[in-house]
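Asks: the sequence isn't on hand, but the structure is:
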Ligand code: SAM
């Protein structure tokens, strides 16, 4: 998979050099490239924003640099998915991460200020599949953190990125869609706090039953919406 991100703060994406994503890049499992939107401006101040038509608070990102950036990055590409990070988009979740992990090519457009001129979104639709995606019902200052969060969630699902593929099956939001059970490691007693005895029993059926009960209880308590309640 190839991922590009367009931003006025491309340095944010240095985080993707680290940990498993960094290893995935080194191993050639993904290619990632961050682009500075200001490289597609021609004035002395490398301007990317202007006042919104119709008035209103704040500035908006101008279409011209975005058009040039998309032209350069996508060229003749037609099957790319272009994701505009936006609090006004569909909400990102694990099933969307699985869906996007099937793509060959993703381009993240990271907004700043009050967002991006709508015509950029319309123009991008002539270059690939456009999606507006939010990482949650809150407002960030820019789309970089959202693009990094989505990249991590997507890329870890690509075969070979996570050493033990089993861990993808057992975790929260997978399988039945429940939250994960509480987990414990050694020592068996720490500061007077004990590991639940069933986990020390060696009885795999009893452990599986306990874990499932914990998943259901936790999901009901913390995220009843996941159970349709
Ligand atoms: N005026 C916009 C609105 O009300 O929907 C908010 C703009 S926000 C200050 C600036 C940029 O941050 C957005 O264009 C988007 O790229 C990014 N952003 C903010 N919150 C986000 C979220 N929850 N998910 C994804 N991107 C977000």
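Replies: Now that the structure is in, tell me what you want to look at. Every value quoted in this text rests on a predicted model; they were computed, and no experiment measured them. Numbering: from 1, shown residues only.
Asks: so how far is the helix or strand hosting residue 213 off the chain centroid?
Replies: Element membership of residue 213, judged by DSSP states H and E, is helix 204-222. Centre-to-centre, helix 204-222 and its host chain are 28 Å apart (CA atoms, centre = their mean, to the nearest Å).
Asks: same question, stretch 124-133
Replies: Taking CA atoms, centre = their mean, one finds stretch 124-133 lying 16 Å from the centre of the chain it belongs to.
Asks: which residue is it, in this structure, that comes closest to the ligand?
Replies: As assessed by CB to the nearest ligand atom, the ligand sits closest to residue 111 within the chain, at 2.3 Å. Bear in mind the C-beta positions are built from the backbone N, C-alpha and C, glycine included.
Asks: rewinding a little: pLDDT on the helix holding residue 213, on average?
Replies: What helix 204-222 shows for mean pLDDT is 98.
Asks: which positions in that helix come out as buried?
Replies: For helix 204-222, burial by neighbour count (16 or more other CB atoms under 10 Å) applies to 207, 210, 211, 214, 215, 218, 219.
Asks: please, which helix or strand holds the residue nearest to residue 94 when sequence neighbours are not counted?
Replies: Nearest non-adjacent residue to residue 94, counting by CB to CB, 6 or more residues apart in numbering: residue 173, 3.8 Å away. Using DSSP H and E, residue 173 sits in no helix or strand.
Asks: tell me the pLDDT of residue 173.
Replies: For residue 173, pLDDT reads 94.
Asks: isn't residue 144 up against residue 13?
Replies: Yes - the criterion here is CB atoms under 8 Å, and residue 144 meets it with residue 13 at 7.1 Å.
Asks: shared neighbours of the two, anything?
Replies: Contact criterion CB atoms under 8 Å, 6 or more residues apart in numbering; residues bridging residue 144 and residue 13 by contacting each: 5, 7.
Asks: give me the more crowded residue out of those two.
Replies: Legend: neighbour count by other CB atoms under 10 Å for residue 144 and residue 13, higher for residue 144 (24 against 21).
Asks: report the central residue of the protein.
Replies: By CA atoms, centre = their mean, the chain has its centre lying nearest to residue 150, at 0.6 Å.
Asks: now whichever strand or helix holds that residue: buried residues?
Replies: Under the criterion of DSSP H and E, residue 150 resides in helix 144-155. Neighbour counts over helix 144-155 (16+ other CB under 10 Å) mark 144, 146, 147, 148, 149, 150, 151, 152, 153, 154, 155 as buried.
Asks: ok, and which of those residues reach the ligand?
Replies: Contacts with the ligand within these, as defined by CB under 6 Å from any ligand atom: residue 146.
Asks: residue 133: which of the buried residues of helix 144-155 is nearest?
Replies: Closest approach between these and residue 133, by CB to CB: residue 150, at 6.8 Å.
Asks: surely the closest one is in contact with residue 83?
Replies: Yes - between residue 150 and residue 83 there is a contact under CB under 8 Å: 7.1 Å.
Asks: give the residues shared as contacts by the two.
Replies: 100, 108, 133.
Asks: can you pull the contacts of residue 124?
Replies: Per CB under 8 Å, 6+ apart, neighbours of residue 124: 70, 82, 84, 109, 130.
Asks: hang on, I meant residue 90
Replies: Applying CB under 8 Å, 6+ apart, the residues near residue 90 are 96, 131, 132, 133, 134.
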